[in-house]
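Participant: Please find the sequence and the predicted model below.
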Amino acid sequence: MTQTAWEALSNQAIAAAGVVYFLALLAHLAEWSLLRKVPVEATARSEAREPVAVGAGAPVDPPVSVTPDERTTERVAMSARLGLLLTVLAAAVHLVALVARGMAAEPARVPWGNMYEFTISGTFVVAALYLATRKRFGLAWMAPIVVGVVLALLMVAVIWLYQPVGPLREALNSYWLVIHVVSAIIATGAFTLGGIASTLFLLKDRAERRGTATATGYLARVPSTAVLDRVSYRMHAFAFPVWTFAVLITGPIWAHEAWASYWSWDPKEVWAFITWVVYAAYLHARATAGWKGRNAAILALVGMATLWFNFIGINYFSTSSMHSYADAAVIAPAEVPVVD
């Protein structure tokens with residue numbers, strides 16, 4: 001295949017992934033909409049119900065009638081399975097788009113040479129991490145939010161951040177690109193999942209404090225605030241050392257190789273360090289001051305805000321950053337930089 005064909009395949013795969021993510025979101029929204037009609041206790045009883053034999057070996061007595069709640073619960077389970085299947089399919093197509101994007105360059109390279117490529121790579125990691133940890137940490141309740149966030153960021157990437165495939169300048173065409181950016185992307189995905197858990201913690205905690213929590217709404221199906229707090233902490237505890245490796249170790253080494261300086265107070269470098277400080281304060285406060293719950297969740301969301309501002313906002317509010325790549329029209333081909 002030619003580079004043009006690979007780029008077309010990548011664009012088509014991103015569009016297809018967006019459609020499948022949208023269908024997955026609809027399936028999960030249908031699941032949670034139906035759950036509003038079923039009390040939590042009814043769902044538990046339905047899941048524990050013994051199956052009824054049918055066919056030639058079935059008893060002659062009339063079958064046990066199924067209550068409306070039980071029928072609704074079966075539809076809920078079907079919607080959940082469909083949503084999961086579509087999410088897995090969308091992530092697979094998403095991966096095809098990333099591979100094709102890398103193959104479209106001449107020579108072939110890793111697919112994160114600009115803001116568009118970083119965003120589609122980061123969203124894939126969010127979806128992949130969710131699918132990988134869904135069963136282990138029981139994160140099925142996070143499905144509609146994760147899929148919604150991934151879909152929204154893909155739309156932002158396609159509409160506002162898209163750039164044609166182009167080569168990296170020679171100074172940045174280094175294996176440090178792979179080491180530095182892969183670790184940054186993984187940390188970003190984990191921090192985002194942790195931020196989602198922190199957001200849900202604050203929403204559920206507020207509903208419980210105000211007495212507005214119901215027995216059938218979305219928050220009723222979300223785990224307890226203690227579980228949400230624990231999930232958030234685990235995600236952040238995993239992401240922080242990876243972010244440290246990306247920002248304070250591989251980043252400066254790569255910067256020295258590319259620009260002959262380990263640290264140049266570039267806006268992206270500064271904001272990456274600010275993000276590191278916020279998350280370090282979050283983990284330190286939990287370990288030493290016993291911060292849990294609401295205060296920890298707020299600090300985690302401050303960290304996520306600085307994280308995404310660093311990756312997207314800096315490109316629009318800074319004209320002096322050597323990492324500025326959001327506006328392809330003002331960057332000469334020889335100066336196309338890469339993400340931090």
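Facilitator: Received, thanks.
Participant: where does L219 fall, phi/psi-wise?
Facilitator: Per-residue torsions, L219: phi -60, psi -20 (degrees, to the nearest 10).
Participant: right, and it touches L202 too?
Facilitator: No - L219 is beyond contact range of L202, at 11.0 Å (criterion: Cβ atoms under 8 Å). C-beta here means a position set from N, CA and C on the backbone, and glycine is covered the same way.
Participant: Determine which residue lies closest to the centroid of this protein.
Facilitator: By Cα atoms, centre = their mean, the chain has its centre lying nearest to V126, at 2.7 Å.
Participant: Give me the neighbour count for the closest residue to it other than its chain neighbours.
Facilitator: Of all residues not flanking V126 in the chain, G189 sits nearest, at 4.5 Å (Cβ to Cβ, 6 or more residues apart in numbering). Counted by other Cβ atoms under 10 Å, the residues lying close to G189 total 23.
Participant: Could you tell me how far G189 is located from N310?
Facilitator: Using Cβ to Cβ, to the nearest Å, G189 is found at 15 Å from N310.
Participant: before we move on, what about K135?
Facilitator: 32 Å.
Participant: Then F124?
Facilitator: The spacing between F124 and N310, counted by Cβ to Cβ, is 19 Å.
Participant: Next: A132.
Facilitator: In terms of Cβ to Cβ, A132 sits 25 Å off from N310.
Participant: And G251, by the same measure?
Facilitator: From G251 to N310 the distance is 12 Å (Cβ to Cβ).
Participant: looking just at contacts, which helices and strands does the helix or strand where A128 lies meet?
Facilitator: Per DSSP states H and E: A128 is located in helix 115-137. Packing partners of helix 115-137 (3 or more Cβ pairs under 8 Å, 6 or more residues apart in numbering; DSSP states H and E): helix 68-104, helix 143-156, helix 175-210.
Participant: For A246, find the nearest of those.
Facilitator: With Cβ to Cβ as the criterion, A246 lies closest to helix 175-210 of those, at 3.9 Å.
Participant: in this protein, what secondary structure element scores lowest on mean pLDDT?
Facilitator: Scoring the helices and strands of the chain by mean pLDDT, DSSP states H and E places helix 40-48 at the bottom, with a mean of 46.
Participant: any idea how far stretch 196-207 is from the chain center?
Facilitator: 17 Å (Cα atoms, centre = their mean, to the nearest Å).
Participant: Could you give me the buried positions within it?
Facilitator: Neighbour-count burial for stretch 196-207 flags I196, A197, S198, T199, L200, F201, L202, L203, K204, D205, A207 (criterion: 16 or more other Cβ atoms under 10 Å).
Participant: List just the nearest of the residues you listed to H284.
Facilitator: Using Cβ to Cβ, the shortest approach to H284 within the buried residues of stretch 196-207 belongs to S198, at 16.6 Å.
Participant: what residues are up against the closest one?
Facilitator: S198 makes contact with L228, S232, A296, A297, I298, A300, L301, M304 under the criterion Cβ atoms under 8 Å, 6 or more residues apart in numbering.
Participant: Of these, just the buried ones, PyMOL syntax please.
Facilitator: To isolate the buried ones among the contacts of S198 in PyMOL, judged by 16+ other Cβ under 10 Å, type:
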select buried, resi 228+232+296+297+300+301+304
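Participant: Redo the contacts of S198 as TSV? Include distance to A91 and secondary structure.
Facilitator: TSV is the format used below for those (distance: Cβ to Cβ, whole Å; DSSP: H, G, I helix; E, B strand; the rest coil):
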residue	distance to A91	secondary structure
L228	24	helix
S232	23	helix
A296	30	helix
A297	27	helix
I298	31	helix
A300	25	helix
L301	25	helix
M304	22	helix
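Participant: Closest to A152 out of the contacts of S198?
Facilitator: Nearest to A152 among the contacts of S198, with distances taken as Cβ to Cβ, is M304, at 14.6 Å.
Participant: Without its sequence neighbours, what residue ends up closest to that closest one?
Facilitator: G195 (3.7 Å).
Participant: Was I right to think that neighbour contacts L299?
Facilitator: No - between G195 and L299 there is no contact under Cβ under 8 Å: 10.9 Å.
Participant: Tell me which of these two has more neighbours.
Facilitator: G195 (23 against 19).
Participant: got a list of what the more buried one touches?
Facilitator: S232, A300, L301, G303, M304.
Participant: same thing but 10 Å
Facilitator: 149, 232, 235-236, 297, 300-305, 307-308 (Cβ atoms under 10 Å, 6 or more residues apart in numbering).
Participant: For G166, state which of these is nearest.
Facilitator: W308 (24.3 Å).
Participant: Need phi/psi at P111.
Facilitator: With angles defined as degrees, to the nearest 10, P111 sits at phi -90, psi 50.
Participant: quick revisit: of A132 and N310, who's got more company?
Facilitator: Neighbour count, other Cβ under 10 Å: between A132 and N310, N310 has more, with 24 against 12.
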